[in-house]
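A.B. asks: any chance you can model this:
(one chain, ligands or ions: 1)
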Amino acid sequence: MSLLSVENLDVFYGDFRAVRGAHLELAAGQTIAIIGANGAGKSTLLNAIVGLSGRKSGSIRFDGRDIGREPTDRIARAGITMVPEGRRLFGSLTVEDNLLVGLAAERPGPWTLEAVYALFPRLGELSKMTAGSLSGGQQQMVSIGRALMTNPRVLLCDEISLGLAPKIIGDIYRCFETITASGVSVVLIEQNVVQACAAADYVYCMLEGHMSLEGRPEDLSQAQITAAYFGTGEALP
Ligand SMILES: Nc1ncnc2c1ncn2[C@@H]1O[C@H](COP(=O)(O)OP(=O)(O)OP(=O)(O)O)[C@@H](O)[C@H]1O
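C.D. replies: Below you'll find the predicted structure:
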């Protein structure tokens, strides 16, 4: 059974339907990626899962329970946490205080300050610095660390590689091996197709609000992905 399941989801901004009949399935222990161009609806879909979108219809189930109408704080306490696009840190607070924000979810588990510092040793060295004074890569580590401090069952990551140098992206993605080994299931939103296919067990491509292609990375050709990503030609096998 899926841990997280989205079926026939529509999400609206006013009259505009930004997500159209979208679906996804995430099994326990799995990493899936959602790829797609700017404006495809990826962030809107993630926001809908955590209860941050406006009007929506369809089904969102987590661990067998309908969470489609639950408020964000209850969804977080149930174990779904987002690493938001743009990191959204408290720039004037220290690294450590930003990480401690994750305790608000009141979920016990393996992810403590010590565990986050073991995952990202540089953050331990910078723990008393303000988050606003860090580099982009270091801030992304704080954002991921803060999400881990909630001890999530599902981690939703919105474009964590955006604006970062390839070496930093590689360093951050390597940490996901430890994160998934701790039992966390992961949904990655990525514009970086190569990175998404390398990190995920299963990939969905979104185009104009709907899923235009899906499959295991090894089963998808470059031509199919390009067609599904840009809306050119025949994408579906
Ligand atoms: N607050 C909003 N009000 C109205 N329309 C919005 C709003 N946020 C997003 N949209 C529109 O909804 C559509 C989907 O946007 P969304 O941000 O979900 O796409 P995305 O795939 O995450 O793209 P990006 O990579 O740029 O974040 C786009 O057409 C966008 O312009």
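A.B. asks: burial measure for Val187, as a count.
C.D. replies: When counting by other CB atoms under 10 Å, one arrives at 25 neighbours for Val187. (C-beta placed from N, C-alpha, C; glycine too.)
A.B. asks: could you pull out the buried residues of the helix or strand where it lies?
C.D. replies: For Val187, the host element (DSSP states H and E) is strand 185-190. Neighbour counts over strand 185-190 (16 or more other CB atoms under 10 Å) mark Ser185, Val186, Val187, Leu188, Ile189, Glu190 as buried.
A.B. asks: for the chain, what lies in contact range of the ligand?
C.D. replies: Tyr13, Phe16, Ala18, Gly36, Asn38, Gly39, Ala40, Gly41, Lys42, Ser43, Thr44 (CB under 6 Å from any ligand atom).
A.B. asks: related to what we said a few turns ago, other SSEs contacting the strand holding Val187?
C.D. replies: Here strand 185-190 touches strand 16-26, strand 31-35, helix 42-49, strand 154-158, helix 166-181, helix 193-199, going by 3 or more CB pairs under 8 Å, 6 or more residues apart in numbering; DSSP states H and E.
A.B. asks: what helices or strands is the fifth one leaning on?
C.D. replies: To tie it back to what came earlier, the one meant is helix 166-181. Helix 166-181 packs on helix 113-119, helix 136-148, strand 185-190, helix 193-199, going by 3+ CB pairs under 8 Å, 6+ apart.
A.B. asks: which helices and strands does the second one pack with?
C.D. replies: The reference is to helix 136-148. Using 3+ CB pairs under 8 Å, 6+ apart: helix 136-148 touches strand 80-83, helix 95-100, helix 113-119, helix 121-125, strand 154-158, helix 166-181.
A.B. asks: quick one: distance of that helix to the chain centre.
C.D. replies: Per CA atoms, centre = their mean, to the nearest Å, the displacement of helix 136-148 from the mean C-alpha position of its chain is 13 Å.
A.B. asks: and for the shortest one?
C.D. replies: Computed by CA atoms, centre = their mean, the separation of strand 185-190 from the middle of its chain amounts to 4 Å.
A.B. asks: now a ChimeraX select for only the buried ones of the residues of the chain next to the ligand.
C.D. replies: Buried subset of those, written as a ChimeraX selection, criterion 16+ other CB under 10 Å:
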select :18,36,40,41,42,43,44
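A.B. asks: can you redo the residues of the chain next to the ligand as a markdown table with pLDDT and distance to Leu162?
C.D. replies: Shown next, in a markdown table, are those (pLDDT from 0 to 100; distance: CB to CB, whole Å):
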| residue | pLDDT | distance to Leu162 |
| --- | --- | --- |
| Tyr13 | 94 | 22 |
| Phe16 | 95 | 24 |
| Ala18 | 96 | 19 |
| Gly36 | 93 | 14 |
| Asn38 | 90 | 11 |
| Gly39 | 92 | 14 |
| Ala40 | 94 | 14 |
| Gly41 | 95 | 17 |
| Lys42 | 95 | 12 |
| Ser43 | 94 | 11 |
| Thr44 | 96 | 16 |
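A.B. asks: closest to Gly145 among the residues of the chain next to the ligand?
C.D. replies: Ser43 (21.1 Å; CB to CB).
A.B. asks: what sits against that closest one?
C.D. replies: Glu85, Asp158, Glu159, Ile189 (CB atoms under 8 Å, 6 or more residues apart in numbering).
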